[in-house]
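1. structure for the following, please:
(one chain, ligands or ions: 1)
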Amino acid sequence: MLSEKIEKGLTKQLNRESESSQLYLYMASWVERKGYEGICEFLYDHSNEERIHMLKLIRYINKRGGSGILNGRETIINITTYVSIKELFMKLFEHEQKISREINFLVEISLQEKDYFTYNFLQWYVEEQIEEEALIKMILDKIKLIGSDKGSLYFFDKDMKNFHKTKKF
Ligand code: OFO
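-> Predicted coordinates:
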């Protein structure tokens, strides 16, 4: 059985994962409308990955006797527009850093509650966040390098079409 504190924390996290999926989806659509065919594929793919993160949490909570449910309030996404691809990835990097802090906090709670099953379960998310932060930072660094060179951005977008993160589900 999960303690009330742990179930609350995991439920919050599953809702954050759902928000992340919506955020990536929103960004993918924005990027697609701007004509970036490769970057949009990456973002659409990633939106699906975030949904998998959410599902893993739902199923774990249920397996441990809790109720893995969405609160239906996953509307953090401000309908916004971005000045540039660089700004979009900067926001994404901030977002992933925020998610990492939240995962860290959950790990801390699992230790306080002496719930070693949940502690073990969360290790997957810890590793995933290391990868996600590194991945978004790598893309952001490349975009910064490209600067205002539209030709290079065109080729970068082409490269992104074939770019897939190594998945470990
Ligand atoms: Fe679920 O890892 Fe990104 O947000």
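2. flag every residue of this structure that's near the ligand.
-> E17, S20, E50, H53, E96, I99, E128, E132 (CB under 6 Å from any ligand atom). Quick note: C-beta positions are derived from backbone N, CA and C, even for glycine.
3. among these, name the ones in helices.
-> For those, the ones inside helices are E17, S20, E50, H53, E96, I99, E128, E132, with DSSP state H as the criterion.
4. same list (the residues you listed) but as JSON lines, adding pLDDT and distance to N120.
-> Conversion of those to JSON lines gives the following (pLDDT from 0 to 100; distance: CB to CB, whole Å):
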{"residue": "E17", "pLDDT": "96", "distance to N120": "19"}
{"residue": "S20", "pLDDT": "95", "distance to N120": "23"}
{"residue": "E50", "pLDDT": "97", "distance to N120": "22"}
{"residue": "H53", "pLDDT": "97", "distance to N120": "17"}
{"residue": "E96", "pLDDT": "97", "distance to N120": "23"}
{"residue": "I99", "pLDDT": "97", "distance to N120": "20"}
{"residue": "E128", "pLDDT": "96", "distance to N120": "14"}
{"residue": "E132", "pLDDT": "94", "distance to N120": "20"}
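5. between these, which has the most around it?
-> Sorting these by how many neighbours each has (other CB atoms under 10 Å) puts S20 first, at 26 neighbours.
6. where does this structure dip in pLDDT?
-> Per-residue confidence of the chain (counting by pLDDT under 70) places the weak regions at 72-79, 164-169.
7. that concludes my questions; thank you for your assistance.
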